[in-house]
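Visitor: Okay, sequence plus prediction incoming.
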Amino acid sequence: MATTITTEGVQHVANLARLEFNEEETQHFTEQLARILDYIGKLDELDTEAVPPTSHIHPLHNVVKPDVVKASYPREEVLANAPEAEAGYFGVPRVID
């Protein structure tokens, strides 16, 4: 499936991105995008039927520390510095009426 890019297409995308190009820049980007799309089109020639979809080329695993329960500051000590406390919690202004 060959995809072609036109100067009108480049101008449309530039307009959506709130960019302004002169005629020379528009022509330059049209040629560049056409070459990029031709290169990407080469993927259509590959047999990818047996290739599973991936989001990364390397297998990644979450690198996180395990949750460990440990002692914390006493609630009274933490709330002592709060501008406002109510029922053992930080008092904050109401946001929803």
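Guide: Arrived safely, thanks for sending.
Visitor: Doesn't residue 65 lie inside a helix?
Guide: No: according to DSSP: H, G, I helix; E, B strand; the rest coil, residue 65 belongs to no helix; its state is coil.
Visitor: Off-centre distance for the worst-scoring helix or strand of the chain on mean pLDDT?
Guide: Lowest on mean pLDDT, DSSP states H and E among the helices and strands of the chain sits strand 85-86, with a mean of 88. Average the C-alpha atoms of strand 85-86, do the same for its chain, and the two points are 38 Å apart (CA atoms, centre = their mean, to the nearest Å).
Visitor: The following helix or strand past that strand - which strands sit beside it in the sheet, and in what orientation?
Guide: Where DSSP states H and E defines the elements, the next helix or strand beyond strand 85-86 is strand 89-90. Within its sheet, and counting by DSSP bridges, strand 89-90 is paired with strand 85-86 (antiparallel).
Visitor: can you tell me how far the residue of the chain positioned farthest from its centre sits from residue 70?
Guide: Note on the chain: the largest C-alpha distance from the chain mean falls to residue 76, namely 40.9 Å (CA atoms, centre = their mean). Taking CB to CB, to the nearest Å as the measure, residue 76 falls 19 Å from residue 70. (Each C-beta comes from the backbone N, C-alpha and C, glycine too.)
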